[in-house]
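S.K.: Okay, sequence plus prediction incoming.
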Amino acid sequence: MELIYAIAVGVMVTCSVFLLLRGHTFTIVLGLTLLSYAVNLFLFASGGLRLNSAAILNDGGTYADPLPQALVLTAIVIGFAMTAFALILAIRARADLGNDQVDGKAIPGDVLGDKTVSADKRANS
Amino acid sequence: MMHLPILPILLPFIGAVVLMFPFFNERTVAQRQIALITLLLTLVASGWLLHDSLLFGPLPYALGDWRPPFGILLLADPLAAMMLVLTSVLALGVSLYAAAGDDQAGRFFHPLFLFQLLGINGAFLTADVFNLFVFFEILLIASYSLLIHGGGRQRTQAALHYVLYNLIGSAFFLIALAILYRVFGTLNLPDMAAKVGSLPTDILPLARAGGLLLLVVFGIKAALLPMHFWLPNTYAATSVPVAALFAIMTKVGVYSMWRFHTAVFGDDAGELSLLGMNWLWPMAILTVVVGSVGILASKSLRWLAANLIAVSVGTLLLTVAMSDVKSTAAGIYYTLHSTLLSAALFLLAGLIQTQRGQAGDRFVRARPILQPRLLGILFAVIAMALVGLPPFSGFVGKVFIMQAAAENGYIWRVWPAILISGLVTLIALSRAGTTLFWRTQGLPSENDNKVAHPSQIVGISILALSAPLLVVFAGPLTEWSMLASEWLHQGVQLRDISVGNK
């Protein structure tokens, strides 16, 4: 189980790093989301992985560490809020700067950050 | 008073929530009054906390009476209390400046400002690493919104870089926390400090990875060299009061390093003692060097001030890297000085910008400033203090650090960095001053509403007065810094902390 778990976290981090290194805000936000999934899984595993044990202390039996669960819950909430903020900011930047590039400079022949649907064109229609 | 340690967190929180009610939407004056009252109350609470912690030692506060290490612990030791007082004074000055009109450029300036204060104060008070993460996020999300306060292309772009970068930093923080929890079995700082010496050897590499990852995270906040690229653009793009408030943000990173790397991985940490300091040395020196080059290359006063922050952070990180009692004390004193005066320089840049017409704060020949005497005197005081010329606070702060370096035998690492960066700052600031105040053409603009508002002058003066006051009260302040540093290095024992009435 540990191996599968570790591979899952590793694959997600790899994909997220790939996405984070792109120049488009949209792919970067996707990368951040994926990274926060991986981080949450990793955080969850920090208490140790146990099968068939109570979620919290019970008499004598084995139990899973409750603290990482609480930490993951907090991290999920915070990560969600931050992703929402980053998305809104990305939309705002798309409108203000006229393209989807992180540096705010359009790259000619770039399909993803297509300028043909620019802010003023949408305003005219 | 039993609940005193949590007041610096609660007061801004209550103030911010009250200010978000629709009642205040159109009532600008009421907003400013509530914000100001909240800040004054926070200052009183922080001052009281400082007084108590200096007299009686660190004041612990167990949230919900949960016994540490299981519950979250707040710890108001002298270091935390000094940083709280510093933050309150800074916030008071900045808020007064903003009350002259900058707060109306967008909505919710005051609530966001107070939320940011809540995050900063919480980060200073907490003794739990996960709680530190939560307060970091609070101060970050408030800073994201404050950063784009007023709007504009340049701000949106700077905010995009800042936000995305810090989100990745937060992910790193969580990874480091998971590793450290696995290693230590606790996230309580005093508990970690007690356990670090007796970790089994096979788990040490993991502990080292976690600690170094956390150094990277705090380095992002503090703008340590390879992670500092967000700093100048962010500070120069945002509105002036926000940039001045952000002067404390980099210090939060440095403070976290003290709390974590100096206190937990200190001299008693066995194999892990002084973890990461061999990395911090070259990076801190390079931060000073790159910041100095940035100072010389700056084309406007705000860029110059932003690069000055990088230099002061580098200087502070040198004291972190020395990591003994005296150098930490020197670092604490230098933090007080550099935070207040960098903020004052930002605010002054804002005034100069409005009074020079089109040229703004760029270093070009332009109209004369409307109030050259007033702004000139303020500029001279702030500049002399930042360069480190006697009789102002920068001189005392730098001598304190250099003495600590001499006692530790680090003269060749620390002295050149401090002295050369001081010289570079002197050259850059005198060039800036002569250009802004003397290289003029034409007449000052006849626009009377550009004259500095009294509350702006009061705001800047509160911050600029620290230059002489930190020297006048240098005796008690250095004593307190020494005491705070001793408490930080010595730490508190969890078993000494009694909880509630049980």
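M.R.: Structure's in. What do you need? Numbering: from 1, shown residues only, chains lettered A, B, ... in the order given.
S.K.: For the rest of this, base every contact and every neighbour count on C-alpha atoms.
M.R.: Will do.
S.K.: For chain A, what lies in contact range of chain B?
M.R.: Chain A has residues A:28, A:32, A:35-36, A:39, A:42-44, A:46-48, A:71, A:78, A:82, A:86, A:89-90, A:92-93, A:96-97, A:102-104 near chain B, with proximity defined as CA under 8 Å from any CA of the partner chain.
S.K.: Need the buried ones from these selected in ChimeraX.
M.R.: Of the residues of chain A next to chain B, the buried ones can be selected in ChimeraX as follows, counting by 16 or more other CA atoms under 10 Å in any protein chain shown:
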select /A:28,32,35,36,39,42,43,44,46,47,71,78,82,86,89,90,92,93,96,97,102,104
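S.K.: separation between B:M482 and chain A?
M.R.: Distance, B:M482 to chain A, by CA to the nearest CA, to the nearest Å: 36 Å.
S.K.: Sorry, slip of the keys, the one I care about is B:K251.
M.R.: Relative to chain A, B:K251 is positioned 23 Å away (criterion: CA to the nearest CA).
S.K.: Pretty sure that residue sits against B:L336.
M.R.: No - between B:K251 and B:L336 no contact is recorded; they are 9.7 Å apart, counting by CA atoms under 8 Å.
S.K.: where in chain A is pLDDT low?
M.R.: For chain A, the stretches with pLDDT under 70 are A:56-58, A:60, A:109-125.
S.K.: Give me the most central residue, it.
M.R.: Among the residues of chain A, the one closest to the centroid is A:T33, at 1.2 Å (CA atoms, centre = their mean).
S.K.: Tell me which residues are up against whichever strand or helix holds that residue.
M.R.: Following DSSP states H and E, the helix or strand that holds A:T33 is helix A:25-45. Counting by CA atoms under 8 Å, 6 or more residues apart in numbering or on different chains, the neighbours of helix A:25-45 from elsewhere in the structure are A:8-10, A:12-13, A:15-22, A:68-69, A:71-72, A:75-76, A:79, A:83, A:86-87, A:90, A:100-102, B:164, B:167-168, B:171, B:174-175, B:177-178.
S.K.: quick one, phi/psi of B:A76?
M.R.: Taking degrees, to the nearest 10, you get phi -100, psi 80 for the backbone angles of B:A76.
S.K.: which non-adjacent residue is nearest it?
M.R.: Beyond its immediate neighbours in the sequence, the residue positioned closest to B:A76 (CA to CA, 6 or more residues apart in numbering or on different chains) is B:L59, lying 5.0 Å away.
S.K.: repeat for B:S53
M.R.: Take B:S53 and drop its neighbours on the chain: the residue closest to it by CA to CA, 6+ apart is B:P78, 5.3 Å away.
S.K.: And for B:A158?
M.R.: In space, and not counting its chain neighbours, B:A158 is closest to B:T234: 5.3 Å by CA to CA, 6+ apart.
S.K.: burial measure for the one you found, as a count.
M.R.: 25 (other CA atoms under 10 Å in any protein chain shown).
S.K.: Using CSV, write out the CA atom coordinates for the strand or helix carrying it.
M.R.: B:T234 belongs to helix B:230-237 when assigned by DSSP H and E. Written as CSV, here are the backbone C-alpha positions of helix B:230-237 (Å, rounded to 0.1, in the frame of the first residue of the first chain):
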residue,chain,number,x,y,z
TRP,B,230,9.3,38.9,-6.3
LEU,B,231,10.3,41.7,-3.9
PRO,B,232,11.3,44.8,-5.8
ASN,B,233,8.5,44.6,-8.4
THR,B,234,5.9,43.9,-5.8
TYR,B,235,6.9,46.7,-3.5
ALA,B,236,7.4,49.3,-6.3
ALA,B,237,4.1,48.4,-8.0
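S.K.: Let me know the next secondary structure element after it.
M.R.: If you walk from helix B:230-237 toward the C-terminus, the next helix or strand you reach (DSSP H and E) is helix B:240-245.
S.K.: so what secondary structure elements neighbour that following helix?
M.R.: If you count contacts as 3 or more CA pairs under 8 Å, 6 or more residues apart in numbering or on different chains; DSSP states H and E, helix B:240-245 packs onto helix B:78-98, helix B:325-355.
S.K.: Check the gap between the residue lying closest to B:A176 once chain neighbours are set aside and chain A for me.
M.R.: Taking CA to CA, 6+ apart, and ignoring the residues beside it in sequence, B:A176 has B:G210 as its nearest neighbour in space, at 4.7 Å. For B:G210, the distance to chain A (CA to the nearest CA) stands at 12 Å.
S.K.: and if you look at B:L75?
M.R.: Separation of B:L75 from chain A (CA to the nearest CA): 21 Å.
S.K.: Can you tell me what sits against stretch B:255-264?
M.R.: For stretch B:255-264, the external contacting residues (CA under 8 Å, 6+ apart) are B:124, B:189-190, B:192-193, B:196, B:211, B:215, B:218, B:274-275, B:320, B:323, B:488-491.
S.K.: The residues you listed in strands, which ones?
M.R.: For those, not one is inside strands, with DSSP state E as the criterion.
S.K.: Could you list the residues of chain B in contact with chain A?
M.R.: The interface of chain B toward chain A, taken as CA under 8 Å from any CA, is made up of B:130, B:137, B:141, B:152-153, B:156-157, B:160-161, B:163-164, B:167-168, B:171, B:174-175, B:177-179, B:181-182.
S.K.: Just the buried ones among these, please.
M.R.: The neighbour-count criterion (16+ other CA under 10 Å) marks B:130, B:137, B:141, B:153, B:156-157, B:160-161, B:163-164, B:167-168, B:171, B:174-175, B:177-179, B:181-182 among the residues of chain B next to chain A as buried.
S.K.: out of the residues you listed, which are inside helices?
M.R.: Secondary structure from DSSP state H places B:130, B:137, B:141, B:153, B:156-157, B:160-161, B:163-164, B:167-168, B:171, B:174-175, B:177-179, B:181-182 of those in helices.
S.K.: Rounded mean pLDDT for whichever helix or strand B:Q31 is part of, please.
M.R.: Secondary structure from DSSP H and E places B:Q31 in helix B:28-56. This predicted structure assigns helix B:28-56 an average pLDDT of 94.
S.K.: for stretch B:364-374, which positions count as buried?
M.R.: Residues of stretch B:364-374 classed as buried: B:R365, B:A366, B:R367, B:P368, B:I369, B:L370, B:Q371, B:P372 (neighbour count, 16+ other CA under 10 Å).
S.K.: Then stretch B:489-496?
M.R.: Neighbour-count burial for stretch B:489-496, counted by 16+ other CA under 10 Å, picks out B:H489, B:G491, B:V492, B:L494.
S.K.: end to end, how far does that stretch reach?
M.R.: The first residue of stretch B:489-496 is 17 Å away from its last residue (CA to CA, to the nearest Å).
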